[in-house]
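In: Provided below are the primary sequence and the corresponding predicted coordinates.
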Amino acid sequence: MTQDSRHHEETFISKYVFSLDHKVIGIQYMITSLLFLLLGFSLVLLMRWQLAYPGTPIPLIGPLLPNFMAPGGVLHPVSYNTFGAMHGTIMIFLGIVPLGVGAFGNYLLPLQIGARDMAFPRMNMMSYWVYFLGGVLMLMSFVLPGGAAQSGWTSYAPLSIISPGQTVWLLAMTFLITSSLLGSINFIVTTVNLRAPGMTWFRLPIFVWAQFITALLLLFAFPVLQAGAILQLLDRIAHTSFYIPKGIIVGGKLIDAAGGGSALLWQHLFWFLAHPEVYVLLLPAMGIVAEIITNNTRKPIFGYKELVGAFASIGVLSFMVWAHHMFISGMKTSLSYLFMTTTMLISIPSILILTCYLLSLRKASIRFNVPMLFALAFLPMFGIGGLTGLPLGFTPTDIYLHDTYYVIGHFHYVVVTGTMIALMGGIYFWFPKMFGRKMNMKWGFIHFWGTIITMNGIFFPMFIQGMAGVQRRLFDPTVQAHNIVVQPTNIFMTFSAITLLLFQVPFILNFFISIFKGDKTEENLWQSTTLEWACPSPPLPHMNFAQNPTVYRGPYEYSVPGREKDYWPQGESE
Amino acid sequence: MKHFDLSNYGWGLPLKASSYAYKVDGALSILHWAMFIIFFFWAVYMAYCLINYRQSKSPKAEYTGHGTWKTYITDVLIFVFEVWLLAAVGIPIWAHIREDLPKSGEAVEVHVVAQQFNWLFQYPGPDGQFGNRSAQFVHLRNPLGIDPGDVRGNDDIISINKLYLPMGKKALLKLTSMDVIHSFFIPEFRLKQDNVPGMVFPVWVEPILTGTFEIGCAQLCGSGHYRMRGDAYVLSPEDFDQWTQTASAEMQQHLTER
């Protein structure tokens, strides 16, 4: 941002559409990703109907779907696979990551370190628009010839290479990867270079550390997927054979490829990204939880340096565990010992983080407001998600549980009741900062309780199904005997999912109505110490702070003895 | 809906029908008890803090952000427990299930070839030797592509979606695929392993009960993934020998008709 452009008259387009302001870009990311999350969730409702009542027409929506997707209103197996692949892709790459990193990171990271903007505002704008184009392309694939991708969000070769729809998925992924890379470079450079005077590394809020380490993960992991995706694209359009072994016969015909490639190579390249990606989904949420919990316990966070160390070691270790997704893939059995060990190792920092958060509640003075409820719910829910990872990271038990609903339950507990809950708490917490108005907290309570109960209603039965051996990605589970006894859980889960959707209505209305009609917020509504509350709400366009802040102390000086107020902001000299 | 016999299944783990099913289930129960205990203590501690340190009861927080070494006892205990799990449970059971492969002569050898959306099984027949398979010979009447010029293949048995195994004897299954990745899954055996095209991966299993068990596919393999199923019939050793003789004779009958 040059000095001049700040004083230019801003048109509607330059202010709200092609904005260079990190705050506007953050809000663009937020609204786009929330819409994608709603879409990804809606897709799964259609699938859930089929799982609960196989072969029956989907009520209300079924007749509206085009005939090739749902003949007579009944979902087609190919559509089921398509929706499954797109649900995963949309939720992860277009929903959670852009919300956790693109929205919260963009909006808050410069504010929390006392910067006026990101280091590269134009790159920041480009990052959003490349993401937007990737999203549009991903959506367009539904109506392009061949339809959307149908080989799962994991796109295992060679199925992905012989299935229609995959080319557009690969191209769209290229946009999304590019967007993430542009964003991550920006986050890293901003954190390193634009910290306010006095903001030393160990005075950074935990949220900033989380975003910084997330950016490093994105930077190192995504190029590997990009390379892998380009090889897959070449296999599809240039008839190379990176992932195609010799002599593959599909539908009685030898396929037109030289062969000699390896089907497992794709899995290695994919999971080398996709495991760090799990922590990309998780770390920003953990950062948000740290901020909300410290603020509402009114005491310094427990073990600041241990937390930073745990985040950093998760960052490093997350590059050494990818093959625990591949224990039964045909990978050499002795490799499993190494990856089982590293997987147990990475559980240690995760447990440490959870322990620190729990111990932060000790001798506190806890305020139970809506953001705090979400942050508190994160702890046991992420606990379940993390603990159920144990039998999956453990090779003998993974033999049985792999590719069953147990896996689905595990990662939905981590990403939905964990990350998504934390992100929602973050929205309630920082909404007044972003829009200068408050959300209605009574509806917030209703939204919280409805959401947390129904989410458990969806995901907990998945463990029961997994124990019974129900495989994932089955269009109709009832054609296999071992799935039938537990089939009633599917009906329960489907109605929980529908109820979950209904409970999002108050949130959506609350969000949009409050932007325009909410009560005006007071300055520093939550009596917080970090720098984002030292500027007006919303912060000044392109400037953030009326005066450049200076930092005098650590981020969580709450209840300091001998002071009148129970919080001591980082930017106050006395 | 097809009518199945559901007596092997219930809420929870299915019937244990292989020699290592007990070990897998044992590991599952150790882990789940440990998970439950850890979660229980977390939850109790959290509930205690939330009730005891709510603002109305505890208006002033204590200005501390550190603990003593005692606060890390739980983490250390969990770490020690995990090391024990690795050494005493994880590594030995995995080694037993995946690396204690029986030698060729000691076991019934079956080639398990997955295909969209069927399980094809090749048995060596009375001569104990497999005929070579090659993609170029695959057609409707020779689904596995057994080389017609290879005499070892003349008495081979080909079975579609029906796996026959003798009880109480180890079976060596060599998994591969003709098209995409599938995953060979028999819940009652606690056996699951991907069939990868271009690779042959050996696994073993020792059935300990006679009966019929279900074979499912656990890896997304296309639009018919959900209906890719088969049955494993575990017979007494005498019945199995009987079956081998009859099935091989039938196959040779087909061969002459061909």
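Out: Received the coordinates, thanks.
In: what residues does stretch A:30-41 touch?
Out: A:86-87, A:90-91, A:94-96, A:98-99, A:102-104, A:107, A:131-132, A:135, A:139, A:420, A:427, A:500-501, A:504, A:508, A:511 (CB atoms under 8 Å, 6 or more residues apart in numbering or on different chains). Quick note: C-beta positions are derived from backbone N, CA and C, even for glycine.
In: among these, name the ones in helices.
Out: A:86-87, A:107, A:131-132, A:135, A:139, A:427, A:500-501, A:504, A:508, A:511 (DSSP state H).
In: in JSON lines: the residues you listed, plus pLDDT.
Out: As requested, these are arranged in JSON lines below (pLDDT from 0 to 100):
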{"residue": "A:Met86", "pLDDT": "96"}
{"residue": "A:His87", "pLDDT": "96"}
{"residue": "A:Tyr107", "pLDDT": "96"}
{"residue": "A:Tyr131", "pLDDT": "97"}
{"residue": "A:Phe132", "pLDDT": "97"}
{"residue": "A:Gly135", "pLDDT": "97"}
{"residue": "A:Leu139", "pLDDT": "95"}
{"residue": "A:Ile427", "pLDDT": "97"}
{"residue": "A:Leu500", "pLDDT": "97"}
{"residue": "A:Leu501", "pLDDT": "97"}
{"residue": "A:Gln504", "pLDDT": "96"}
{"residue": "A:Ile508", "pLDDT": "96"}
{"residue": "A:Phe511", "pLDDT": "96"}
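In: next, B:Asn142: phi, psi?
Out: The phi/psi pair for B:Asn142 (degrees, to the nearest 10) reads phi -140, psi 70.
In: so where do the strands sit in the chain?
Out: Here I'm looking at chain A. Using DSSP state E, the strands of chain A run over residues A:249-250, A:253-254.
In: that's the other chain; I wanted chain B
Out: B:108-115, B:118-123, B:157-160, B:162-166, B:171-177, B:182-186, B:191-195, B:201-205, B:211-217, B:229-235.
In: got CSV for the ones you listed, with mean neighbour count, distance to chain A and mean pLDDT too?
Out: Shown next, in CSV, are the strands of chain B (neighbours: other CB atoms under 10 Å in any protein chain shown; distance: least, CB to the nearest CB, whole Å; pLDDT from 0 to 100):
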stretch, mean neighbour count, distance to chain A, mean pLDDT
strand B:108-115, 22, 8, 96
strand B:118-123, 21, 12, 96
strand B:157-160, 18, 14, 94
strand B:162-166, 21, 15, 97
strand B:171-177, 21, 8, 96
strand B:182-186, 28, 6, 97
strand B:191-195, 26, 5, 96
strand B:201-205, 20, 5, 96
strand B:211-217, 23, 5, 96
strand B:229-235, 20, 5, 96
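In: which of these sits closest to A:Ser184?
Out: Closest of the strands of chain B to A:Ser184 is strand B:191-195, at 32.8 Å (criterion: CB to CB).
In: nearest spatial neighbour of whichever residue of chain A sits closest to chain B, chain-adjacent residues omitted?
Out: Ranked by CB to the nearest CB, the top residue of chain A for proximity to chain B is A:Pro245, at 2.4 Å. Excluding the flanking residues, the one nearest A:Pro245 by CB to CB, 6 or more residues apart in numbering or on different chains is B:Gly198, at 2.4 Å.
In: quick one: contacts for the one you found?
Out: Residues near B:Gly198 by CB under 8 Å, 6+ apart: A:Pro245, A:Lys246, A:Gly247, A:Ile248, A:Gly259, A:Gly261, A:Ser262, A:Ala263, B:Thr176.
In: for chain B, which helix is longest?
Out: Chain B, longest helix under DSSP H: helix B:21-52.
In: and that one, does that touch chain A?
Out: Yes. Judged by CB under 8 Å from any CB of the partner chain, helix B:21-52 and chain A are in contact via B:23-24, B:27-28, B:31-32, B:34-35, B:38-39, B:42-43, B:45-46, B:49-50.
In: mind listing what the most centrally placed residue in chain A touches?
Out: Among the residues of chain A, the one closest to the centroid is A:Ile96, at 2.8 Å (CA atoms, centre = their mean). Counting by CB under 8 Å, 6+ apart, A:Ile96 touches A:Ser33, A:Leu37, A:Leu281, A:Val415, A:Thr419, A:Met420, A:Leu423.
In: ranking the residues you listed by neighbours, who comes first?
Out: A:Thr419 (28 neighbours; other CB atoms under 10 Å in any protein chain shown).
In: chain neighbours aside, what residue packs nearest to it?
Out: Nearest non-adjacent residue to A:Thr419, counting by CB to CB, 6+ apart: A:Ala285, 4.0 Å away.
In: for B:Lys57, same thing?
Out: Of all residues not flanking B:Lys57 in the chain, B:Ile51 sits nearest, at 7.9 Å (CB to CB, 6+ apart).
In: quick check: that neighbour vs A:Asp566, distance?
Out: Per CB to CB, to the nearest Å, B:Ile51 is found 21 Å from A:Asp566.
In: who's more crowded, these two?
Out: Between B:Ile51 and A:Asp566, counted using other CB under 10 Å, the more crowded position is A:Asp566 (17 against 10).
In: and for the nearest residue to that one once chain neighbours are set aside, the neighbour number?
Out: In space, A:Asp566 comes closest to A:Ser559 once its chain neighbours are excluded; the distance is 4.8 Å by CB to CB, 6+ apart. Residues lying near A:Ser559 (other CB under 10 Å) number 22.
In: hang on, the earlier thing: any chance of the contacts of A:Ile96 in TSV, with pLDDT and distance to A:Leu307 too?
Out: Shown next, in TSV, are the contacts of A:Ile96 (pLDDT from 0 to 100; distance: CB to CB, whole Å):
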residue	pLDDT	distance to A:Leu307
A:Ser33	97	26
A:Leu37	97	28
A:Leu281	94	18
A:Val415	96	21
A:Thr419	96	17
A:Met420	96	22
A:Leu423	97	19
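In: what's residue 228 in contact with, if anything?
Out: Just so you know, I chose chain A. The neighbours of A:Gly228, taking CB under 8 Å, 6+ apart as the test, are A:Trp266, A:Leu269, A:Phe270, A:Leu273.
In: oops, I was thinking of chain B
Out: B:Gln116, B:Phe117, B:Asn118, B:Trp119, B:His182, B:Gly216, B:Cys217, B:Cys221.
In: right, and the third one touches B:Lys162 too?
Out: No. When contacts are counted by CB atoms under 8 Å, B:Asn118 is not listed as touching B:Lys162 (10.6 Å).
In: what's the overlap in contacts for those two?
Out: Residues touching both B:Asn118 and B:Lys162 (CB under 8 Å, 6+ apart): B:Gly230.
In: how much space between A:Tyr16 and A:Lys517?
Out: Taking CB to CB as the measure, A:Tyr16 falls 19 Å from A:Lys517.
In: tell me which of these two has more neighbours.
Out: A direct count of neighbours by other CB under 10 Å for A:Tyr16 and A:Lys517 places A:Tyr16 higher, at 13 against 9.
In: what about the residue lying closest to that one once chain neighbours are set aside, how many residues nearby?
Out: Leaving aside its sequence neighbours, A:Tyr16 sits nearest to A:Val24 (CB to CB, 6+ apart; 6.4 Å). The local packing of A:Val24 (other CB under 10 Å) involves 23 other residues.
In: same deal with A:Pro145?
Out: Considering only other CB under 10 Å, A:Pro145 is surrounded by 8 other residues.
In: coming back round to it: what are the phi and psi angles of the residue nearest to A:Asp566?
Out: phi 50, psi 40.
In: ok, it touching B:Ala61?
Out: Yes. Between A:Ser559 and B:Ala61 there is a contact at 4.2 Å, judged by CB under 8 Å.
In: anything in contact with each of those two?
Out: Joint contacts of A:Ser559 and B:Ala61 (CB under 8 Å, 6+ apart) are A:Arg298, A:Lys299, A:Ser365, A:Asp566.
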